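[1] Here is my input; please provide its structure:
(chains A and B)
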Amino acid sequence: GIQVEQSPPDLILQEGANSTLRCNFSDSVNNLQWFHQNPWGQLINLFYIPSGTKQNGRLSATTVATERYSLLYISSSQTTDSGVYFCAANFGNEKLTFGTGTRLTIIP
Amino acid sequence: ETGVTQSPTHLIKTRGQQVTLRCSSQSGHNTVSWYQQALGQGPQFIFQYYREEENGRGNFPPRFSGLQFPNYSSELNVNALELDDSALYLCASSASERETQYFGPGTRLLVL
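    Model (predicted):
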């Protein structure tokens, strides 16, 4: 079946460090999104990025659709970056499929 | 512009009861999707409504049902609640079925 896999599952970093989160998907995507889920459960849109590269402040994302992966970069991390990061993709006529998430903890 | 809102924020029910969760979509959005997120997992797609019609359903039993109103707000109904239905229920709206989805804050349901 369709799969969206994220790595690493957990990441603990010191404040100020940089990080790279990876999302692998098993088929061609129509849509790929990155979300940050805060400790209260709110899913916040970060990027809509079926292909190419986008940047928003300290965050950037790159999707290489032909190789079926996407990367989320966080630079100069802050404690407020802590939470769970999800990628989610649409495949063909299927609805949004979420990955298993990466739990990021930033230590002051 | 008002974002996606959900009510109630928290709910406690007992096995066998029925529950209705509500979602108001973002202004200008005609598509609402519902997701169930169990503890420690990613959200799982339940179903989507587009212009008041069901437009896709995930692997959930028929006791999960919903509807969308003319103003594009939506309800999720769950009958005969089971302990495993305890989860965070998320609603998302979008301008169409393939556009970016924006999520509400969720409803935390606990079934005892």
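
[2] and B:Gln41, how far is that from A:Phe91?
    Taking C-beta to C-beta, to the nearest Å as the measure, B:Gln41 falls 19 Å from A:Phe91. Quick note: C-beta positions are derived from backbone N, CA and C, even for glycine.

[3] Give me the more crowded residue out of those two.
    A:Phe91 (19 against 13; other C-beta atoms under 10 Å in any protein chain shown).

[4] For the most centrally placed residue in chain B, list each beta-bridge partner.
    By C-alpha atoms, centre = their mean, chain B has its centre lying nearest to B:Trp34, at 3.3 Å. Legend: beta-bridge partners of B:Trp34 under DSSP bridges are B:Phe47, B:Cys91.

[5] quick one: pLDDT of it?
    pLDDT for B:Trp34: 97.

[6] Likewise for A:Asp27?
    Reading off the model, A:Asp27 has pLDDT 87.

[7] Also A:Asn93?
    Looking at A:Asn93, its pLDDT reads 69.

[8] hmm, back to that, for the residue nearest to the centre of chain B, which residues are in contact?
    By C-beta atoms under 8 Å, 6 or more residues apart in numbering or on different chains, the residues touching B:Trp34 are B:23, B:45-48, B:66, B:74, B:76, B:89-92.

[9] And for B:Phe64?
    B:Phe64 neighbours (C-beta under 8 Å, 6+ apart): B:46-47, B:76-78.

[10] Spatially, what comes nearest to A:Tyr69 if we skip its sequence neighbours?
    In this structure, A:Tyr69 finds its nearest non-sequential neighbour in A:Asn24, 5.0 Å apart by C-beta to C-beta, 6 or more residues apart in numbering or on different chains.
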